[in-house]
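Peer 1: Whatever this is, show me its structure:
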Amino acid sequence: MEERWFLLILGTMMIPGDMLIITNYITIAQMGLINTYGGIMIVMLVAAVFMFMLRQHFMTVPRDYRDAAFVDGCGDLRFFAQILLPMSVPVLSSITITSFIGLWNTYLWPLLVTNSEQMRTVQVGITMLQFPEGMVYGPIMAGVTVILIPSVLVFVFFQKQLVFGVTSGGLKG
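Peer 2: Model (predicted):
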């Protein structure tokens, strides 16, 4: 059964994201998440690439850890929360950073899911800057520079975790 789920996740990774926009929109609309922050974020939170990364990381954890924890009376949920999650901090931080930067730079999905200008993201707002003189590049470039600041700060502050999370899978110990 586990292998079927894995193949399903791999199969969804092979479908281009642009093909899923309509079905994702219909799903979000049926869930009542149009014009909400949850509707903007949920597509990125359940990305198959991140599930694949977590699965591959969990597969590297030796089975001896699980066996030893169960001998000591640790259940599945406690093993996950107290042993597996602390061991997964580098991978989880890599996933968090990658999803934040990916979601922060998204233009099309927030444009489709939001209806009111108060819910629009700054990337959509930059494209809606209009001046009577036509296209004025100074304010647009200033806005783009300000938009880049959160992505750069997240990368700078979490650079060590990102590098460790990417390289930890290649270490043999």
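
Peer 1: For the protein, give me the ranges with low pLDDT.
Peer 2: 164-173 (pLDDT under 70).

Peer 1: Contact partners for the spatially most central residue of the chain?
Peer 2: Against the mean C-alpha coordinate of the chain, by C-alpha atoms, centre = their mean, the closest residue is Ser99 at 2.7 Å. With contacts defined as C-beta atoms under 8 Å, 6 or more residues apart in numbering, Ser99 is in contact with 44-45, 47, 50. Heads up, the C-betas are built off the backbone N, CA and C, glycines and all.

Peer 1: Any of those buried? List them.
Peer 2: Buried residues within the contacts of Ser99, counting neighbours by 16 or more other C-beta atoms under 10 Å: 44, 47, 50.

Peer 1: any chance of the residues you listed in JSON lines, plus secondary structure?
Peer 2: Putting the buried ones among the contacts of Ser99 into JSON lines (DSSP: H, G, I helix; E, B strand; the rest coil) gives the following:
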{"residue": "Met44", "secondary structure": "helix"}
{"residue": "Ala47", "secondary structure": "coil"}
{"residue": "Phe50", "secondary structure": "helix"}
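
Peer 1: could I have the top helix by length along the chain exported to PDB, CA atoms only?
Peer 2: Using DSSP state H to define each element, the chain has its longest helix at helix 137-157. The C-alpha coordinates for helix 137-157 follow below in PDB (Å, rounded to 0.1, in the frame of the first residue of the first chain):
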ATOM      1  CA  TYR A 137      10.200  52.400 -14.100                       C
ATOM      2  CA  GLY A 138      11.600  54.100 -11.000                       C
ATOM      3  CA  PRO A 139       8.800  53.300  -8.600                       C
ATOM      4  CA  ILE A 140       8.400  49.800 -10.100                       C
ATOM      5  CA  MET A 141      12.100  49.000  -9.600                       C
ATOM      6  CA  ALA A 142      12.000  50.400  -6.000                       C
ATOM      7  CA  GLY A 143       9.000  48.200  -5.300                       C
ATOM      8  CA  VAL A 144      10.700  45.100  -6.700                       C
ATOM      9  CA  THR A 145      13.800  45.900  -4.600                       C
ATOM     10  CA  VAL A 146      11.600  46.100  -1.400                       C
ATOM     11  CA  ILE A 147       9.800  42.900  -2.400                       C
ATOM     12  CA  LEU A 148      13.200  41.100  -2.600                       C
ATOM     13  CA  ILE A 149      14.100  42.000   1.000                       C
ATOM     14  CA  PRO A 150      12.100  39.200   2.800                       C
ATOM     15  CA  SER A 151      13.500  36.500   0.500                       C
ATOM     16  CA  VAL A 152      17.100  37.700   1.000                       C
ATOM     17  CA  LEU A 153      16.600  37.900   4.800                       C
ATOM     18  CA  VAL A 154      15.200  34.400   5.100                       C
ATOM     19  CA  PHE A 155      18.000  33.000   3.000                       C
ATOM     20  CA  VAL A 156      20.700  34.900   5.000                       C
ATOM     21  CA  PHE A 157      19.300  34.000   8.400                       C
END
